[in-house]
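J.: Based on what follows, work out the 3D shape:
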Amino acid sequence: LTLLYHISYQISNIFSATVEELCEVEGITENSAVLISMLPQLMKKVKVNDFSNAVVNSADVLCKYCKAIFEGEVYEKIKVICLDNKLKVIGCDEIGSGTTGRLVFDLRKIVETAIKYKSDMIVIAHNHPKNNSLPSNADISATNMIKSTLQSLDMKLLDHIIVGEKDVTSLRDSGYMFDL
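T.: The predicted structure follows:
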């Protein structure tokens, strides 16, 4: 209760507090403060690990997985999720990042990531950390460019997932990727 009182009665404030701020609370040692500050990343790892053997055969499962991998991110990032022939995740690499409103990535890294994991089925996922998950015109154009490039290499883009601040959108299920 003392910790909650000191950090304005909100648990989210506890996890976003610095080690120094936590150490100001009576009874919280530096070791305790470090552990508390690590809990959000540990919980993210647990959530992502829950999908380690999951079959990602629906947009719902895929959206939940993507929500877990982008949890807590404050800047836009793009990830390539590689799947095996049973639709299990065999790799997930970040291939680009940006600010809160702009994202830069290299198409070659998408292909290299797929080759690295020996996958011909991939999903692109990125986040809009301070916005909703609706795709911009740039998102749709980039998706079409990625899809076309992958098709020329006998690879398939299964979906493009956008994780917003409070929602998640599958471009495939939302009708932005008609012929996938």
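
J.: what about the strands in this protein?
T.: 77-83, 89-98, 103-105, 121-128, 156-164, 168-170 (DSSP state E).

J.: Out of those, which gets nearest to Asp60?
T.: Shortest distance between Asp60 and these, using C-beta to C-beta, is found for strand 168-170: 8.5 Å. For glycine as for every other residue, the C-beta is placed from the backbone atoms N, C-alpha and C.

J.: List the residues that contact the residue nearest to the spatial centre of the chain.
T.: Nearest to the mean C-alpha position of the chain, by C-alpha atoms, centre = their mean, lies Phe70 at 2.8 Å. In this structure, Phe70 makes contact with Lys77, Lys79, Ala125, Asn127, Pro129, Val163, judged by C-beta atoms under 8 Å, 6 or more residues apart in numbering.

J.: returning to what we had before: how about a markdown table for the strands of the chain, with mean neighbour count added?
T.: What follows is these, written out as a markdown table (neighbours: other C-beta atoms under 10 Å):
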| stretch | mean neighbour count |
| --- | --- |
| strand 77-83 | 23 |
| strand 89-98 | 17 |
| strand 103-105 | 17 |
| strand 121-128 | 24 |
| strand 156-164 | 23 |
| strand 168-170 | 22 |
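
J.: got the end-to-end distance for stretch 54-64?
T.: Stretch 54-64 has an end-to-end distance of 11 Å (criterion: C-alpha to C-alpha, to the nearest Å).

J.: Can you mark which positions in that stretch are buried?
T.: Within stretch 54-64, the residues scored as buried using 16 or more other C-beta atoms under 10 Å are Val56, Ala59, Leu62, Cys63, Lys64.

J.: Hmm, the third one is touching Val123, no?
T.: Translated: Leu62. Yes - counting by C-beta atoms under 8 Å, Val123 is a contact partner of Leu62 at 6.3 Å.

J.: Quick check: neighbours shared by these two?
T.: Residues touching both Leu62 and Val123 (C-beta under 8 Å, 6+ apart): Val56, Ile81, Asp159, Ile161.

J.: which one of the residues you listed sits closest to Ile14?
T.: Looking across the shared contacts of Leu62 and Val123 and measuring by C-beta to C-beta, the closest to Ile14 is Ile161, at 29.8 Å.
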